[in-house]
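Colleague: my questions concern the predicted model and sequence given below.
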2 protein chains.
Amino acid sequence: MKVTLKRINDSKHFRGSNEEGQSLELSGDGNAVGPMQSLLMAAAGCSTIDIVMILEKMRQPLDDIKVEVNGTRQEEIPRVFTEIHLHYICYGDLKENKVKQAIDMSLEKYCSVSLMLAKAAKITSSFKIVNASRDSDS
Amino acid sequence: MKVTLKRINDSKHFRGSNEEGQSLELSGDGNAVGPMQSLLMAAAGCSTIDIVMILEKMRQPLDDIKVEVNGTRQEEIPRVFTEIHLHYICYGDLKENKVKQAIDMSLEKYCSVSLMLAKAAKITSSFKIVNASRDSDS
């Protein structure tokens, strides 16, 4: 897998591109997402891709999904993450045990990003199911 | 540090946002940069921020910088990176030993992203200096 990074100002603002020409911006001066923030997004994105696929296979009707990610950084340099917490908010008429299973399968077995970061930081997770149809019935 | 990830289609296309509202897109279906690609970009971005700052402090005139990143993935699941190679192309009338020192300082001491990934994969680097003014003189 190959990517490139180019500078798009005269300081610390960059564009990363993949071989298909898709890109994203990263910055060290507040003009775009920071690299450490992007790491948390990558962990959320990678695991959520798995979770969407696993819930599909389980025929669980996932209407939407959001993730809140908190990263705790070491005080000293290098300011690596010591802990990363992923909180998944899953929308739909979903079974709690299936959602838990999908999240656990991703974080323990499939998600390459989280499994790499888990070598350096403690990764924890939690989830909430929001069932709009059930709420409107009650 | 807190970020959120939201789904922006009905499948595996996401937008990650930081608390300042800056965002980037990630996708598992080819519509945007993939999470594992973004990891390579984060390593390049994080270390290049350091390198720009260190070369500034060394009063080395860096006109531009690009990074080519290659990641080798494990064949089996989870398809984590086993090796990541960062190749820095530095433009300007730069001293080779200063560039090498800046890269080494970043990867060995400051760059939180690379130092985290180094717990899971072997990180290597190389660099090239392109001095346009010197080339045009010759």
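Modeller: Here it is on my side, so go on. Note that the coordinates shown come from a computational prediction; the quantities given were computed from them, not determined experimentally. Numbers count the residues shown, from 1 in each chain, chains lettered A, B, ... in the order given.

Colleague: residue contacts, A:Leu86?
Modeller: Shown in contact with A:Leu86 (CB atoms under 8 Å, 6 or more residues apart in numbering or on different chains): A:Ala43, A:Ala44, A:Ser47, A:Val67, A:Glu68, A:Val69, A:Leu107, A:Ser114, A:Ile123, A:Thr124, A:Ser125, A:Ser126. Yep, even glycine has a C-beta here, placed from its N, CA and C like the rest.

Colleague: list phi and psi for the fourth one.
Modeller: To tie it back to what came earlier, the one meant is A:Val67. phi -130, psi 130 (degrees, to the nearest 10).

Colleague: please, a PyMOL command that selects the buried ones among the contacts of A:Leu86?
Modeller: Listed next is the PyMOL selection for buried residues among those, using 16 or more other CB atoms under 10 Å in any protein chain shown:
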select buried, chain A and resi 43+44+47+67+68+69+107+114+123+125
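
Colleague: make TSV out of the contacts of A:Leu86 and add pLDDT.
Modeller: Putting the contacts of A:Leu86 into TSV (pLDDT from 0 to 100) gives the following:
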residue	pLDDT
A:Ala43	98
A:Ala44	98
A:Ser47	98
A:Val67	98
A:Glu68	98
A:Val69	98
A:Leu107	98
A:Ser114	98
A:Ile123	98
A:Thr124	98
A:Ser125	98
A:Ser126	98
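
Colleague: just the contacts of A:Leu86: which are in strands?
Modeller: A:Val67, A:Glu68, A:Val69, A:Ile123, A:Thr124, A:Ser125, A:Ser126 (DSSP state E).

Colleague: for chain A, which spans come out with low pLDDT?
Modeller: Applying pLDDT under 70 to chain A flags residues A:133-138.

Colleague: ok so, going back, would you check which pair of the ones in strands among the contacts of A:Leu86 lies furthest apart?
Modeller: Across the ones in strands among the contacts of A:Leu86, the longest distance by CB to CB is 14.2 Å; it joins A:Glu68 and A:Ile123.
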